[in-house]
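A.B. asks: next one to model:
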Amino acid sequence: MTAEIISVGTELLLGGTVNSDAQIVSEKLSELGINVYYHTVVGDNDARLMDAVRIAANRADIIITTGGLGPTYDDMTKETLAKAFGKPLVLYPEEEARVRAWFSGAGFSFTENNLRQAYFPEGSEILANPIGTAPGCAFHSDLGGKRIAVIMLPGPPRECRKMMYEQAAPFLKKLAGMGEIVSRTLFIFGMGESAVEDKLRDYMRSLTNPTLAPYAKPGEVQLRVTAKADTHALAEEMIAPVIERVQSVLGDAVYGVDIGSLENCVLKLLRERGKTLCAAESVTGGLIAKRITDISGCSDVFRGSAVTYSDRAKIELLGVAPETIAEHTAVSEQTVIEMAAGALSKFDADYAIAVTGFAEGEGNTFIAAAERSSGKDTFNFRFDTREIPLGFDRERSRAMAAHMAFDMLRRMILAGG
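C.D. replies: Model (predicted):
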């Protein structure tokens, strides 16, 4: 089966709003094994939306719209699709009651235009929206001599994601008679997409069920294994040998399965060993600490980070020797080693990562990972340096430095057993 996503909203065409809904829907459709060949963006114009629906109906089995389900005059998705498929819009009393109750409970006045959110094409299955006022809907109909499934989702990405995953996905699985579809994702750092594909090309092409597909993400690569089977357990059994094969080919470049991120991987390893972590950051400006503290419950592992952007801060907060900076500069292997040592001492942690470098232009970024040895004030260091190639902007340079720091620490922890 194939699907086309039609995102509705003039703000998407003007560039003021990123079309994250299309990404959300496409990712879930990929997990379900439903192919997406086209994304369409249409402004708040019923004639152009009608044209887009007719085109999509000629080349897809499923049409999924996002946006245009609200109460205002420019929210025209339901009206236009009802017209396109020859269905009257009818009031769903239970949805009217729900919308009225929402406004009453929130302490807002109910205006009559909000009733638009309780009208749907006749015969629709309602898709609940527990975190917003506009529910979605799904129905089947004929257009151009072809049977089409239609799903309408709200525009706010948070609402779109929840409805797609919890409401629309079961509808689609039932529609396709899919049984169980299970996906697992391998996370890879230290190899580019082309290198991964080169090592696995023939194997990926040989697979039909399960399938193995690469996805390039900022700074890393992900491989998604998807299997279709009658039961969840059987799908997992089909996936297991594929994961083993990939891990054997790519080795320790695979840092986890369904782990989410390098920082998640590092925290998991530290928790398993009962160890703690701190950081000393210059060029990354606190990004390492942010990425760790974005993870709920990290305080059992993460002691803190010192953002020492200036030479003075490195000297006063981390104890970097002034002569080290004078002789080797603040961006040097010698300085980053002393930053890591200073962080270990200040935060009394088991491991530290430190970064100093240049966010733009020429120059190296130096990264140190440090592990406390048996003596309280004695440290074992393992060093690495990475040069950020020309052409990286500040954001990407900092992100890559943080990636590398987490990966260095991951390898150090694993090497220590």
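
A.B. asks: so what's residue 275 up against?
C.D. replies: Counting by Cβ atoms under 8 Å, 6 or more residues apart in numbering, residue 275 touches 301, 350-351, 413. All C-beta spots, glycine's among them, are computed from the backbone N, C-alpha and C.

A.B. asks: repeat that for residue 28.
C.D. replies: Per Cβ under 8 Å, 6+ apart, neighbours of residue 28: 164-165, 168-169.

A.B. asks: and those, which are buried?
C.D. replies: Listed as buried from the contacts of residue 28 are 164, 168-169; burial here means 16 or more other Cβ atoms under 10 Å.

A.B. asks: follow-up on the earlier one: hmm, which two among the contacts of residue 28 are most spread apart?
C.D. replies: 165 and 168 (7.7 Å; Cβ to Cβ).

A.B. asks: just to check, residue 300 is in contact with residue 274?
C.D. replies: No. At 9.5 Å, residue 300 and residue 274 do not qualify as touching, with contact defined as Cβ atoms under 8 Å.

A.B. asks: SS state for the spatially most central residue of the chain?
C.D. replies: Taking Cα atoms, centre = their mean, the centroid of the chain lies closest to residue 260, which sits 8.2 Å from it. Of the three states, residue 260 takes coil under DSSP: H, G, I helix; E, B strand; the rest coil.

A.B. asks: distance check, it against residue 267.
C.D. replies: 10 Å (Cβ to Cβ, to the nearest Å).

A.B. asks: kindly report the same for residue 186.
C.D. replies: 19 Å.

A.B. asks: kindly export whatever helix or strand residue 368 lives in (C-alpha atoms) in CSV.
C.D. replies: Residue 368 belongs to strand 364-372 when assigned by DSSP states H and E. In CSV, the C-alpha atoms belonging to strand 364-372 read as follows (Å, rounded to 0.1, in the frame of the first residue of the first chain):
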residue,chain,number,x,y,z
ASN,A,364,41.5,21.5,16.0
THR,A,365,39.0,20.6,18.7
PHE,A,366,40.6,18.7,21.6
ILE,A,367,38.6,16.2,23.6
ALA,A,368,39.7,14.3,26.7
ALA,A,369,38.0,11.5,28.5
ALA,A,370,39.3,10.8,32.1
GLU,A,371,38.7,8.0,34.5
ARG,A,372,39.5,8.2,38.2
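
A.B. asks: report the distance from it to the chain centre.
C.D. replies: Computed by Cα atoms, centre = their mean, to the nearest Å, the chain-centroid distance of strand 364-372 equals 27 Å.

A.B. asks: over to stretch 134-145?
C.D. replies: For stretch 134-145 - counting by Cα atoms, centre = their mean - the centre lies 29 Å from the chain centre.

A.B. asks: give the buried residues for the host helix or strand of residue 247.
C.D. replies: Residue 247 belongs to helix 232-250 when assigned by DSSP H and E. Within helix 232-250, the residues scored as buried using 16+ other Cβ under 10 Å are 235, 238-239, 242-243, 246, 250.
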